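J.: Sharing a model prediction with you, sequence too.
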Amino acid sequence: MKIRVVQIWGFLMTVLGWIFVACTMAMEGWKIASVGGMGGSAIIKVAWHWSSLWRKCFTDSTSITNCHDFPMLWSVEGYVQIVRGLLMGALSLGMLGFILSLLGMECTYVGGKDPSKYKKIFTGGWCHIIS
């Protein structure tokens, strides 16, 4: 009974980890900068530049936002490309760990009751840890 609880708990943690990585890719505020302020001007103008992995936006003090997607995959800085690649690799490994953990659980009988189920759950756990 303890083994099933641990396996189910590990499976749920795998799913949550995969969801968190997917949410990280969709976040908008990866890089935020503000320009302007009170600096001796009679009119206070502030502008915010912010960008994600997929687009860049500009918002001014009148709350008008202008966004544009990056035109090409390689038209961004090197660190953004590295982060994109790492997150996509983590999503792929997380999905593989999810599938292997599901197939390796004792309560699933897709592969039968053989020692290879333990190898599947072990490999799925390592895929999750690496991702």
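T.: Arrived safely, thanks for sending.
J.: contacts, neighbours, all on C-alpha from now
T.: Will do.
J.: now Val15: how far from Thr123?
T.: Per C-alpha to C-alpha, to the nearest Å, Val15 is found 15 Å from Thr123.
J.: and the residue nearest to the spatial centre of the chain, what does it touch?
T.: With distances taken as C-alpha atoms, centre = their mean, the residue of the chain nearest its centroid is Val21 (2.5 Å). With contact taken as C-alpha atoms under 8 Å, 6 or more residues apart in numbering, Val21 is in contact with Leu87, Ala90, Leu91.
J.: Mind pulling the model confidence for it?
T.: With respect to pLDDT, Val21 has a value of 80.
J.: can you check Ser34 too?
T.: Looking at Ser34, its pLDDT reads 76.
J.: Sort out which residues of the helix or strand encompassing Ala47 are buried, please.
T.: Secondary structure assignment for Ala47, by DSSP states H and E: strand 45-51. Neighbour-count burial for strand 45-51 flags Ala47, Trp48, His49, Trp50, Ser51 (criterion: 16 or more other C-alpha atoms under 10 Å).
J.: Now do the longest helix anywhere in the chain, average pLDDT.
T.: Here the longest helix in the chain is taken by residue count, with DSSP state H as the criterion, and it is helix 78-104. pLDDT averaged over helix 78-104 equals 84, rounded to a whole number.
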